[in-house]
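Chemist: Let me see the structure of the following:
(2 chains)
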Protein chains: 2
Amino acid sequence: VPFSQQQAEGLSHEALIRRASSLVTDSANTFLSQTTLALVDSLTQYVKAAHRLMALQKRYVSVVSKLNPEEEEAIWQVIVRQREEVSDRREECKRFETSWMNAINLSEMAAETAYNAGADQASVTARTNLQVAQAHVEQVRQLSLEAERKLAETKAEEMERKAQFASKTVDEDIPEAYLRED
Amino acid sequence: VPFSQQQAEGLSHEALIRRASSLVTDSANTFLSQTTLALVDSLTQYVKAAHRLMALQKRYVSVVSKLNPEEEEAIWQVIVRQREEVSDRREECKRFETSWMNAINLSEMAAETAYNAGADQASVTARTNLQVAQAHVEQVRQLSLEAERKLAETKAEEMERKAQFASKTVDEDIPEAYLRED
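Modeler: You can find the predicted model right below:
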């Protein structure tokens, strides 16, 4: 293509629209990257917090019979705080999940618009980024679902143990905190 | 806000998402501006082409009785070319209309996303730009609708005149081009 023709093409509405459309996919890619990092990070933090809670709960169950009420209450307070941490992390995941979904929708629209504007390369790049982001999130989401499932199991086990404990100690003092928390 | 706090805020996921979201509204604004300029320009060119065609048709009608067949054919060719020009311009408007609608949808989504990400100023700017673009296009679209309406009227007048002409000149030579074009 001779130089003069390129110049002329550079001034056409079509060319300007094509370039502007590439800018949109670029910024949509950046936005998608930021929200993906945030969501992956928050899911990872949630998984960590959930595992820490489960470890604490296991430890509590294994030592509870050897503790005096004061020690038990102290451990119980740690568990309560960790439960709040897990709950906060879950909320954070939900917030970033919303941002991420917005970013996915924006990127899809930007990719389609770029394709319609003839900015094929920008469109392909946007679609590739979409796939990478989705795969990345999917992977971490599996870990968080697994943690969620294990938490539910732990909860069920804990309730079962509590029922046994309650039937064994009908006339003994049941720790007040235990009753309060479930 | 003390400096150190701003620094910390600058590193949070929320802050990074907010900034990336502003980049999206910026580029969506640019894309909307380019498509608006293209659409307004193509609508304006369409209106000009339509008026030129109507002027030619009026002139043809006013002088046709004084012309020899060769002269008539020559003017007729100019009208035919101008009709093609109008038709091409109309197609161009449709193409840019599609780009423009894409840009409107993208900008609306970007504005909403910016609002959700807490980038209020970016969201307000995007919404203002949307209104300006819509008002700008609306104004020129009225002119093009008017031109369209006048073209339809001219067409109707022309056909009426032709019917009179045909009834007056049943045994004379009717210019072939006239028959061909309608």
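
Chemist: tell me the contacts of residue A:163?
Modeler: By Cβ atoms under 8 Å, 6 or more residues apart in numbering or on different chains, the contact list for residue A:163 is empty. Every C-beta, even on glycine, is put in place using the N, C-alpha and C of the backbone.

Chemist: Read off the pLDDT value for it.
Modeler: Predicted confidence (pLDDT) for residue A:163: 74.

Chemist: name the element residue A:17 belongs to?
Modeler: Per DSSP states H and E: residue A:17 is located in helix A:13-63.

Chemist: Let me know whether that helix sits next to chain B.
Modeler: Yes - if you take Cβ under 8 Å from any Cβ of the partner chain as the test, helix A:13-63 does meet chain B, through A:13-14, A:16-17, A:19-21, A:23-24, A:26-28, A:30-31, A:33-35, A:37-38, A:41-42.

Chemist: Next, the contact list for the residue nearest the centre of chain A, please.
Modeler: Centroid-nearest residue in chain A: residue A:43, 3.0 Å away (criterion: Cα atoms, centre = their mean). Residue A:43 sits next to A:93, A:137, A:140-141, A:143-144 when contact means Cβ under 8 Å, 6+ apart.

Chemist: re earlier: immediately after the helix holding residue A:17, which helix or strand?
Modeler: Using DSSP H and E, the helix or strand that follows helix A:13-63 in sequence is helix A:69-116.

Chemist: Counting neighbours, what do you get for residue A:118?
Modeler: Using other Cβ atoms under 10 Å in any protein chain shown, residue A:118 has 13 neighbouring residues.

Chemist: That one and residue A:18 touch, don't they?
Modeler: Yes - between residue A:118 and residue A:18 there is a contact under Cβ atoms under 8 Å: 5.2 Å.

Chemist: how far away is residue A:81 from residue A:47?
Modeler: Separation of residue A:81 from residue A:47 (Cβ to Cβ, to the nearest Å): 18 Å.

Chemist: who has more neighbours, these two?
Modeler: A count of neighbours by other Cβ under 10 Å puts residue A:47 above the other of residue A:81 and residue A:47, at 21 against 12.

Chemist: Now do the phi/psi pair for residue A:119.
Modeler: Main-chain dihedrals, residue A:119, degrees, to the nearest 10: phi -90, psi 70.

Chemist: wait, isn't it in contact with residue A:21?
Modeler: Yes - Residue A:119 lies in contact with residue A:21 (Cβ under 8 Å); the separation is 4.9 Å.

Chemist: okay, those two: which has more neighbours?
Modeler: residue A:21 (30 against 24).

Chemist: for stretch A:98-109, which positions count as buried?
Modeler: Judged by neighbour count using 16 or more other Cβ atoms under 10 Å in any protein chain shown, the buried positions of stretch A:98-109 are A:99-100, A:102-104, A:106-107, A:109.

Chemist: Would you mind giving the orientation angle of the helix or strand containing residue A:142 with respect to helix A:69-116?
Modeler: Here residue A:142 sits within helix A:120-168, counting by DSSP H and E. Using axes from the mean of the first three to the mean of the last three Cα atoms, to 10 degrees, the inter-axis angle of helix A:120-168 relative to helix A:69-116 is 160 degrees.

Chemist: how far does helix A:120-168 sit from the chain's center?
Modeler: On the basis of Cα atoms, centre = their mean, to the nearest Å, helix A:120-168 sits 8 Å off its chain's mean C-alpha point.

Chemist: low-scoring pLDDT stretches of chain A, where are they?
Modeler: Along chain A, segments meeting pLDDT under 70 span A:1-10, A:162, A:165, A:168-182.

Chemist: where does it come near chain B, residue by residue?
Modeler: Taking Cβ under 8 Å from any Cβ as the criterion, chain A approaches chain B at residues A:13-14, A:16-17, A:19-21, A:23-24, A:26-28, A:30-31, A:33-35, A:37-38, A:41-42, A:96, A:98-99, A:102-103, A:105-106, A:109-110, A:112-113, A:116-117.

Chemist: Show me which of those are buried.
Modeler: A:13-14, A:16-17, A:19-21, A:23-24, A:26-28, A:30-31, A:33-35, A:37-38, A:42, A:96, A:99, A:102-103, A:106, A:109-110, A:112-113, A:116-117.

Chemist: Check which residues of stretch A:131-138 are buried.
Modeler: Applying 16+ other Cβ under 10 Å to stretch A:131-138 flags A:133, A:137 as buried.

Chemist: what sits against residue A:44?
Modeler: Neighbouring residues of residue A:44 by Cβ under 8 Å, 6+ apart: A:140, A:143.

Chemist: Roughly how far does it sit from residue B:121?
Modeler: Here the criterion is Cβ to Cβ. By it, residue A:44 lies 32 Å from residue B:121.

Chemist: Report how many residues lie close to the residue lying closest to residue A:64 once chain neighbours are set aside.
Modeler: The spatial neighbour of residue A:64 that comes closest, neighbours along the chain excluded (Cβ to Cβ, 6 or more residues apart in numbering or on different chains), is residue A:72 at 6.3 Å. Look at residue A:72: counted by other Cβ under 10 Å, it has 18 neighbours.

Chemist: likewise residue A:53?
Modeler: Residue A:53, neighbours per other Cβ under 10 Å, totals 23.

Chemist: go on, residue A:60?
Modeler: Around residue A:60 there are 16 other residues, counting by other Cβ under 10 Å.

Chemist: same deal with residue A:71?
Modeler: Neighbour tally, residue A:71, other Cβ under 10 Å: 12.

Chemist: And for the one 5 residues further on?
Modeler: By other Cβ under 10 Å, 21 other residues sit near residue A:76.

Chemist: you'd agree it is up against residue A:60?
Modeler: Yes - between residue A:76 and residue A:60 there is a contact under Cβ under 8 Å: 7.3 Å.
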